[in-house]
Structure formats: structure tokens, C-alpha cells
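1. How does the following fold in three dimensions:
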Amino acid sequence: SVDFDGVSPVAFLERTGLGVPLKEQMPPDFTSMKICTKIWPQITGTRDGVVQVRLGVHDDFSLAPMWVPWQDYIIGTTKSLDVLMTGRLFAIGFQSTTVLAWRLQGYSLDAQYAGDF
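-> This is a model prediction of the structure:
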């Protein structure tokens, strides 16, 4: 077991200010409201290891995201995570709090246009 003086390391990744393309092969949209219903993480690593994933939204790059609670992604078992958030910009976070080898190879969001309000 690899630890730091008896304490498991925390591995953490976060990305904010994510625009979502409203059509295939188009640039990300940063102004319209979008609704996100699912996250498709692409994580490899120790089978049955747990990586926590969360989604956030914010309406401006200068604002901190509002986050939903962490959800467990079980490597080798979980395919997607259900969420329900509406906003102009999305944020996504990944973390592990145990001794675990994992790699984030990417992710997809199921998001659709929700209006211009």
C-alpha cells in the first residue's frame, strides 16, 4: 500500500468554464442555457476502484460553479452517471480518496439546448 505517513493520497482533477456544442462539428456554446442529464466518464485503472465524479454549472466564467454531490464511478462496472443540471457553462470534477491507480481518458456530457434566458 502506498500512502503518506499512514494517510491515503487524494487525487483531484477539475475543469470549469465548459461550453457544450449544440450541434456536431460546431464550436462550444458559452451563451445559451443547456440541460445536462448524463456524464460518460472514460476512466481506466484498478478494477472495482472508486473514482468520485461531480458536475457543476455556472453562468459566467468569473463565478464559481454550483456543484451536485459526488457520485461513485466504479472502474470496470459503471458506464454513466445520471445528473440533472441546467446552466450556460458546466464544470466537472474527478477525485479518488484511497490508494488507487486510475487514468481519466476523457468524458462526454449528454446536454441539450434549454433556451436563451
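
2. who's the closest residue in space to V83 that isn't next to it in sequence bridged to?
-> Counting by C-beta to C-beta, 6 or more residues apart in numbering, the nearest residue to V83 once its immediate chain neighbours are dropped is L55, at 4.8 Å. (Each C-beta comes from the backbone N, C-alpha and C, glycine too.) Taking DSSP bridges as the rule, L55 bridges to I92.

3. Tell me which residues touch L55, please.
-> Neighbouring residues of L55 by C-beta atoms under 8 Å, 6 or more residues apart in numbering: 36, 39, 67-68, 83, 85, 90-92, 109.

4. ok, now with 10 Å
-> Contact analysis of L55 by C-beta atoms under 10 Å, 6 or more residues apart in numbering lists 18, 36, 38-39, 65-69, 71, 81, 83-85, 87, 90-93, 109.

5. D48 too?
-> 74-77, 100.

6. before we move on, the earlier item: could you tell me which of the contacts of L55 count as buried?
-> Neighbour-count burial (16 or more other C-beta atoms under 10 Å) applied to the contacts of L55 gives 18, 36, 39, 65, 67-68, 71, 81, 83, 85, 87, 90-93, 109.

7. Enumerate every residue touching the residue nearest the centre of the chain.
-> Geometric centre of the chain, nearest residue: I92, 3.2 Å, by C-alpha atoms, centre = their mean. Contact partners of I92, counting by C-beta under 10 Å, 6+ apart, are 13-16, 18, 36, 39, 41, 53-56, 65, 67, 83, 104, 107, 109.

8. May I have the secondary structure class of the residue lying closest to G106 once chain neighbours are set aside?
-> Excluding the flanking residues, the one nearest G106 by C-beta to C-beta, 6+ apart is Q42, at 4.5 Å. Secondary structure, DSSP: H, G, I helix; E, B strand; the rest coil: Q42 is strand.

9. For V20, see how far away Q42 is.
-> 17 Å (C-beta to C-beta, to the nearest Å).
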